[in-house]
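S.K.: The following block contains a protein sequence and its predicted model.
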Amino acid sequence: MTAEIAKNTEHNGSPPATDAPAARVPVVTATRPGATDASATRARKPDGSAERRAEADPGPGHRFESMPFAQAMLRELRPRDGRPPVYLVRGRAGTGKSALLGAARELLTVHNVKVFDDLAALPKRLLADDGPEPAARRALLIDDAHLLTADDVQTVSALVSARRHTVVLAAQPRPHDRDLRALIDTVTRHGRVIELRSLGLPELLSFARELGLLVPRQLAEYIHLCTGGIRAGIVVALRAACAARRDAAVAAVDLAVAEWAANLLAGLEPDLLDTLVVAGAGTGLDASELAEIFDIDFAAAQDLADRARATALVTDADLLLAAAVEPLREQLGAQRFVTVQRRLLGTRLDAGLLRTDTALLLAESGVRDPRLAEFLVSAADRAGGVEAVRLYSAAVASGADPSEIVDRRALVAHHAHTAAPIDPPPQ
C-alpha cells in the first residue's frame, strides 16, 4: 500500500546530503536472502547515507567523558593478556555508535592490532587462524550489524564464540529480527552489550561541557526538547547556539535542527517516511494499526515500527520530533503526506479509537473528510469555551458546512470572550 500511496501522489524530491560521516568505519552491507526491495536499498547505503548522517562528529579529541561505559570499553580494548574482548554497541541512529566505533578503530590501530571489516576475507584470514600474527592482534569491527545477512550473522557468531579475536559490533535495535537477536544472545554469553540511549537533561549539560559548547540551562532545556536527547542532534544544536548571538540562539537552534532532520529524512526509504507520518500524528506506532493503514502483513508492520523507532527522529514515546514534521511534509509532498494521514483517520474511525487531539491535528494538517468534520463538530458541542472555538474552526477546515454551525460558533466565541480574565487597569 505504501507503493500505491507513492504512485497516487506527487513526490517533491529530496534535499541534498550535506553532512559528512562522523567516523570513517567501513560498513559491511549485505542484503538478506528474500529481502524486500526496501531492505536491499538499506543494505546498499553508502557512507553518506541517512544512517551515517545521523552521527554528528563531536570533533577531534572526543574522550566520551559523558559516557563512562564507553570509556570502560575503550580501556578494555587495549591489548593485554587474556581472552580478547567482545562488544556490541546498540542504539538508535544518532546516539554515537559510529563515533564510538571510530574511536575503537583508532585505538586498536595505534596498538598495532590489525582491523578487519570485510566479512568476505574472514573465512580464510580469521576463522582458519593461519595468519602469522597472534590471534589476539586481530580485530573485527562492523557497523550497522542489523543489516547483515543470515549467513554473515552465523560467521560473526562463530568468531564471537571462539573468543580468539577482538570483536566490536554496532547495531540499531531490531527486537523482532530473529537473526540479530541470536547474535546479541551470543555476544551476551561471551562479551558485553552496551546500550546507547537518548540523553536526559543532566547528561546533555555534561555532554555540552565535554564538547566545550556551554549554553544557559534554559536554552539547554529547549535543545533537549527539540532533539529528543539524541546526541547527534544535540551536537548540531549546540554548535548553532554557540555560533549565534544570544538573542538569536533559539532561532539558530530551530534552523539547525530542522536542517539536520531534513538531511536524515533525505536518505530514508518511502515506506519508512510514510510510517513517520503516522508517528507525527501522535498516535504511536502500533504494528496492528500500521498493518491496516498500509495493507501489509503483521511481520512487515513490526519491521516498519522497529525501523522507525531506530531512527534519530522518533522519541521514546513513539512521537515524531516536532522539528521533523515540516521537513517530512516537504520531503513527501503535501498530497502524499495527507494521503497517509487520511488512511490513519479511516483506520482510527473504523476502530472507534479516534481521539479529539488527533482529529484536531489531522484537520489542521489539511485532511478533509466528512466523517472527520462530523466528529469535530460533536466534540466541539461537548467541549464549550475556547476549546470549542478551535474545534468548530477545525471542523469547517475539514469540510463542515459553516452555515450549519454558525450560531453555535458565535455563541461559544461570545462565551469565551466574556469568560476571559480582564486585565486590571494600570496603576
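M.R.: Okay, I see it. None of the values given here were measured: they were computed from a predicted structure.

S.K.: my guess is Ala139 is in a strand, correct?
M.R.: Yes: assigned with DSSP: H, G, I helix; E, B strand; the rest coil, Ala139 falls within a strand.

S.K.: Look at it and say how many residues are nearby.
M.R.: By other C-beta atoms under 10 Å, the residues close to Ala139 number 25. C-beta here means a position set from N, CA and C on the backbone, and glycine is covered the same way.

S.K.: Is it in contact with His165, as I believe?
M.R.: Yes: contact criterion C-beta atoms under 8 Å: Ala139 and His165 qualify, at 6.2 Å.

S.K.: list the residues that contact both of the two?
M.R.: Residues touching both Ala139 and His165 by C-beta atoms under 8 Å, 6 or more residues apart in numbering: Pro84.

S.K.: how does the protein divide into domains?
M.R.: Domain ranges of the chain: 68-196, 198-266, 269-348, 354-421, per the TED database.

S.K.: From one end of the longest one to the other, what's the distance?
M.R.: Distance between the boundary residues of domain 68-196 (C-alpha to C-alpha, to the nearest Å) amounts to 11 Å.

S.K.: show me where the stretch 101-250 of the chain has strands.
M.R.: Counting by DSSP state E, counting those that start in this stretch, the stretch 101-250 of the chain has strands at residues 114-116, 138-142, 166-171, 192-196.

S.K.: which residue is nearest the centroid of the chain?
M.R.: Thr311 (2.0 Å; C-alpha atoms, centre = their mean).

S.K.: Confirm that that one sits in a helix.
M.R.: No: Thr311: not assigned to a helix; according to three-state DSSP it is coil.

S.K.: Is it correct that it is in contact with Arg92?
M.R.: Yes: using C-beta under 8 Å, Thr311 is in contact with Arg92, at 6.7 Å.

S.K.: got a list of contacts for stretch 290-298?
M.R.: Outside stretch 290-298, the residues that touch it by C-beta under 8 Å, 6+ apart are 1-2, 5, 271, 274-275, 278, 287-288, 300-301, 304-305, 340, 343-344, 347.

S.K.: ok, back up a step: including distance to Gln335 and mean pLDDT, could the strands of the stretch 101-250 of the chain go into TSV?
M.R.: Below are the strands of the stretch 101-250 of the chain laid out as TSV (distance: least, C-beta to C-beta, whole Å; pLDDT from 0 to 100):
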stretch	distance to Gln335	mean pLDDT
strand 114-116	48	90
strand 138-142	40	92
strand 166-171	36	96
strand 192-196	37	96
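
S.K.: Which of the ones you listed sits closest to Asp247?
M.R.: With C-beta to C-beta, the closest approach to Asp247 among those belongs to strand 192-196: 34.5 Å.

S.K.: and the closest one, which residues are buried?
M.R.: Across strand 192-196, burial judged by 16 or more other C-beta atoms under 10 Å covers 194, 196.

S.K.: next one: stretch 383-391
M.R.: Buried residues in stretch 383-391 (16+ other C-beta under 10 Å): 383, 387-391.

S.K.: Check stretch 85-102 too.
M.R.: For stretch 85-102, the neighbour count (16+ other C-beta under 10 Å) marks 85-102 as buried.

S.K.: Show me those residues that map onto helices.
M.R.: 97-102 (DSSP state H).

S.K.: Just give me the closest of those to Leu214.
M.R.: Comparing those against Leu214 with C-beta to C-beta places Ala99 closest, at 20.6 Å.

S.K.: how close does that closest one get to Arg75?
M.R.: From Ala99 across to Arg75, the span is 17 Å (C-beta to C-beta, to the nearest Å).

S.K.: Distance from the chain centre to stretch 223-240, please.
M.R.: Taking C-alpha atoms, centre = their mean, to the nearest Å, one finds the center of stretch 223-240 at 13 Å from the center of the full chain.

S.K.: Then stretch 333-340?
M.R.: Put simply, stretch 333-340 sits 21 Å off its chain's centre (C-alpha atoms, centre = their mean).

S.K.: thinking again about what came up before, and the domains of the chain, which one averages the lowest pLDDT?
M.R.: Lowest mean pLDDT within the domains of the chain: domain 354-421, a mean of 85.

S.K.: Grab the nearest non-local neighbour of Phe64.
M.R.: In space, and not counting its chain neighbours, Phe64 is closest to Ala70: 4.1 Å by C-beta to C-beta, 6 or more residues apart in numbering.

S.K.: quick one: secondary structure of that neighbour?
M.R.: Here Ala70 is recorded as helix under three-state DSSP.

S.K.: how about the helices of the stretch 51-200 of the chain, start to end?
M.R.: Assigned by DSSP state H, counting those that start in this stretch, the helices in the stretch 51-200 of the chain fall at 68-76, 97-110, 122, 150-162, 178-190.

S.K.: which of these is buried the deepest?
M.R.: Compared across the helices of the stretch 51-200 of the chain, helix 97-110 shows the largest average neighbour count, a mean of 22 (mean count of other C-beta atoms under 10 Å).

S.K.: Alpha carbons of that helix, as CSV, please.
M.R.: This file holds the C-alpha atoms of helix 97-110, laid out as CSV (Å, rounded to 0.1, in the frame of the first residue of the first chain):
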residue,chain,number,x,y,z
LYS,A,97,27.6,4.2,17.7
SER,A,98,29.7,5.2,14.7
ALA,A,99,31.7,7.7,16.7
LEU,A,100,32.5,5.0,19.3
LEU,A,101,33.5,2.5,16.7
GLY,A,102,35.7,5.1,15.1
ALA,A,103,37.5,5.7,18.4
ALA,A,104,37.9,1.9,18.8
ARG,A,105,39.4,1.6,15.4
GLU,A,106,41.9,4.4,16.1
LEU,A,107,42.9,2.8,19.5
LEU,A,108,43.4,-0.6,18.0
THR,A,109,45.4,0.7,15.1
VAL,A,110,47.7,2.7,17.4
